[in-house]
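J.: predicted model follows, preceded by the sequence.
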Amino acid sequence: MTATLFDGIVQGLQLSLLAVGITLIFGLGGVLNLAHGQFAVIGGVAAKLLLDLGAHPVLAGVGGVVTAGLFGVLVDRSLLLPVYRCRGEDRLLLGLILTLGLSFVIDGYLNYAFSEFSLTFSLPIPSVKIAGIPMRTAGLANSLVAIVVFLVLFAFLRSTLLGKTVRSIIENEVGAELCGIDPARTRMIIVGLAAMMAGLAGITQGLFSSLGTEMGPEFTILGLLVAVVGGVRSINGTLVAGVFLGIVNAFASRYIGAYVAYIILLSVAMATILARPGGLLARST
Amino acid sequence: MNNWPLCLRYIDLVLLSILLALVPAVSAGSPYYLRIATLAVVYMGWTVGFNLIFGHTKQLFLCLGALAGSAAYVTVVLIQHFQLSPWITVPLGVSAATALGAIFSYVSVLRGLGVIFLGVVTLAFSLIFQNLILGLRQLTNGETGLVTRGLGFSLLDHPVAAYYLFFGVLALTLVVYCSVMDSRMGFAFRALSDDELTAELSGIDVTACKIIAATLGSAIIGLFGALYGFYNGIISPSVFSLVNVDIPVLISLLLGGMRTRLGPIIGAALFAVIEEFVRPFGQLDVLVYGVLLIVLFVAFREGLLPMLRQALGLIPQLAIFPTVRETDDRYKKRTLM
């Protein structure tokens, strides 16, 4: 019971880590990033390449995260420029299609160039006992990374000037611009940051089980689901939604079976969106 | 414009129908090209349905494959288990898809879901549909799918006849679409696609309009889905997956131009051409596909048809396409949240 709960929280944190980037990019740029799962895979592939070059696993991980972040900045400064020139509905649609196209490009290239790819990190100690419950160290390390990232993210958004800028743009882009904030610059930093978090999620997936190049679309869909259940503009909501769905999935797989668990997960996500269309943490529905 | 005789008002559609009707003669006995043309007609039908749902009333359904698939599966499973005639099961399958579409629309309007939220709810439904089909193995034969050859209308087993059948259904669909768009309902659709609040304030029942559009669109998608199930010879989850139905239809609609009557047809035809162009790239086809998608959308943001109209509108004598845009984009202030 408790073990399943912990397992769910671990999975949930992984989901949140993946989804928080979608929330940030949507909140800041009004673009629903359909290539977000592919960012995660890019991070994983870069880490694997560094590992093969003989780099230390931690260094390889950092390298992967940085590569994903740089790629995110590159995408923001090139592909998304025409998107930012539109407003309202046009921006949403163009963003949807261009990131969809980007996800095809990344998937097509990675599946072609790294067809045999799989990233697995193995930790020296496979499992430890905490309070009498055997836990996989991979899961623990994974959660630890996610928790640290979220703490840093919250601290960044609450107390730094840049973080406040970010929150003000999420609140009201035009208003922020009138106060002298440059949305383009902030956006670039945040898209880079979001891509870094996606890359990190891709690498921690390698800790968990293994990461393949074909997992991009699945990551994107899961991230999208979590971000929308959380309310797509709220970072706290994304965190809660990820953990919630992770726990639902863990319990469903434990007690009902892996195949039905996915259907249950999707149904719960659907029901949550319908019950609270403003997001899990919205004050009024 | 409205005083023109009927055949002149719809001259674009008449010309297009003649063009489409000539396709089997041009492809002259090549079953390969005839099959591609037939598939293109199926996608045109789906895109017309999606244009009603997403183009005219802003409801992003990402479960087109699931709608088409549920119609096809209901049709085929009923035939296999109860030995019913396709004349009975096709309407039942189509009603299943219609009911699903109506429910999604009703629930989303009731809960005030924004575009993205409805998109993700229907996306989740698509995945549930896929998993259910995989799981209900004794009914659906899981991943392998069900063989449908010989079960349906015998017309569909003959390539040329099948093409004309789909062409006929498409023509019928377009007639229904045009008569709806020319009725008071059509004006209501245009009004609410401009600004929902203003439409509501001028006495349009936005809820009813949205549900009717989604119901009609889902019925069209279901009908093409059920017939396509027979034509394809096999139905399996992958035939109706997101990648095989929803994404091509979405791209076709945006490529051709939303909220236009010719756009879905041109978009789907162009998409079929692009697919053929990409095929020789083998393993890299997905990459080329993505690049094309990006380039086309950066170049033709509004869709091909509105661009074509603008170009033709410059020459007054040639202005057979209506050039009126409903409102100037600059005055549209709309958040889609």
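T.: Received it, and whenever you're ready, just let me know what you need.
J.: next SSE after the helix or strand bottoming out on mean pLDDT in chain B?
T.: Sorting the helices and strands of chain B by mean pLDDT, DSSP states H and E puts helix B:6-9 at the bottom, at a mean of 72. Moving toward the C-terminus from helix B:6-9, the next helix or strand (DSSP states H and E) is helix B:11-27.
J.: sorry, back to before: return the set of buried residues in the least confident helix or strand of chain B.
T.: B:R9 (16 or more other CB atoms under 10 Å in any protein chain shown). Glycine gets a C-beta too; all of them are placed from N, C-alpha and C.
J.: please name every helix or strand in contact with it.
T.: Identification of packing neighbours for helix B:6-9 by 3 or more CB pairs under 8 Å, 6 or more residues apart in numbering or on different chains; DSSP states H and E yields no helix or strand.
J.: quick check: B:F240 touching B:A68?
T.: Yes: at 5.6 Å, B:F240 counts as touching B:A68 under the criterion of CB atoms under 8 Å.
J.: now do the shared contacts for the two.
T.: B:G225 (CB atoms under 8 Å, 6 or more residues apart in numbering or on different chains).
J.: what is the mean pLDDT for stretch B:122-132?
T.: Here stretch B:122-132 scores 94 as its mean pLDDT.
J.: how far does it sit from its chain's centre?
T.: 19 Å (CA atoms, centre = their mean, to the nearest Å).
J.: how about the helices of the stretch 151-300 of chain B, start to end?
T.: For the stretch 151-300 of chain B, the helices defined by DSSP state H, counting those that start in this stretch cover B:159-182, B:184-194, B:196-201, B:206-232, B:247-256, B:263-278, B:285-299.
J.: got the buried residues for the second one?
T.: Spelled out, that is helix B:184-194. B:185-186, B:188-189, B:191-193.
J.: residues of the stretch 151-285 of chain A that sit close to chain B?
T.: Taking CB under 8 Å from any CB of the partner chain as the contact definition, the stretch 151-285 of chain A meets chain B at A:221, A:224-225, A:228, A:232-233, A:259-260, A:262-263, A:266-267, A:269-270, A:273-274, A:277.
J.: are any of the residues you listed buried, and which?
T.: If we count by 16+ other CB under 10 Å, those have these buried: A:221, A:224-225, A:228, A:232-233, A:260, A:262-263, A:266-267, A:269-270, A:273, A:277.
J.: tell me where the chain is predicted with low confidence.
T.: Here I'm looking at chain A. Counting by pLDDT under 70, the ranges of chain A that qualify are A:124-126, A:131, A:283-285.
J.: wrong one, I was asking about chain B
T.: Looking along chain B with the criterion set at pLDDT under 70, you get B:1-5, B:7, B:28, B:313-337.
J.: out of B:F240 and B:A68, which sits in the busier spot?
T.: Set side by side, B:F240 and B:A68 show more neighbours around B:A68, with 34 against 30, by other CB atoms under 10 Å in any protein chain shown.
J.: for that one, which non-adjacent residue is spatially closest?
T.: Setting aside the residues directly before and after it, B:A68 is nearest to B:G225 in space (CB to CB, 6 or more residues apart in numbering or on different chains), at 2.6 Å.
J.: which residues does that neighbour contact?
T.: Counted by CB under 8 Å, 6+ apart, B:G225 has contacts B:46, B:67-72, B:93, B:97, B:240.
J.: could you rerun that using 7 Å?
T.: B:67-69, B:71-72, B:97 (CB atoms under 7 Å, 6 or more residues apart in numbering or on different chains).
J.: most neighbours among those residues, which one?
T.: B:L67 (36 neighbours).
J.: helix or strand right after the helix or strand containing that one?
T.: Remark: B:L67 resides in helix B:64-82, with elements defined by DSSP H and E. Following helix B:64-82 in sequence order, the next helix or strand is helix B:86-111 (DSSP H and E).
J.: just checking, next helix/strand downstream of that following helix?
T.: As assigned by DSSP H and E, the chain's next helix or strand after helix B:86-111 is helix B:115-135.
J.: so which bits of that next one are buried?
T.: Across helix B:115-135, burial judged by 16+ other CB under 10 Å covers B:115-133.
J.: touching whichever helix or strand comes after that helix from outside, list them.
T.: Once the chain leaves helix B:115-135, the next helix or strand it forms, by DSSP H and E, is helix B:137-140. Applying CB under 7 Å, 6+ apart, the contact partners of helix B:137-140 are B:73, B:77, B:133, B:146.
J.: contact partners for the second one?
T.: B:V77 sits next to B:L139 when contact means CB under 7 Å, 6+ apart.
J.: want to throw the helices of the stretch 151-300 of chain B into CSV with distance to A:A47?
T.: What follows is the helices of the stretch 151-300 of chain B, written out as CSV (distance: least, CB to CB, whole Å):
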stretch, distance to A:A47
helix B:159-182, 49
helix B:184-194, 46
helix B:196-201, 47
helix B:206-232, 42
helix B:247-256, 29
helix B:263-278, 31
helix B:285-299, 22
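J.: so for A:V148, which of these sits nearest?
T.: Smallest distance to A:V148 across the helices of the stretch 151-300 of chain B (CB to CB): 34.5 Å, for helix B:285-299.
J.: name the residues of the helix or strand following that closest one that are buried.
T.: Downstream of helix B:285-299, the next assigned helix or strand under DSSP H and E is helix B:304-313. Going by neighbour count (16+ other CB under 10 Å), the buried part of helix B:304-313 is B:304-306, B:308-309, B:313.
J.: which is the next helix or strand following the helix or strand where A:I97 lies?
T.: Element membership for A:I97, per DSSP H and E: helix A:88-113. Scanning forward in sequence from helix A:88-113 by DSSP H and E, the next helix or strand is strand A:127-130.
J.: so in that sheet, which strands flank that following strand, and in what orientation?
T.: strand A:133-136 (antiparallel) (DSSP bridges).
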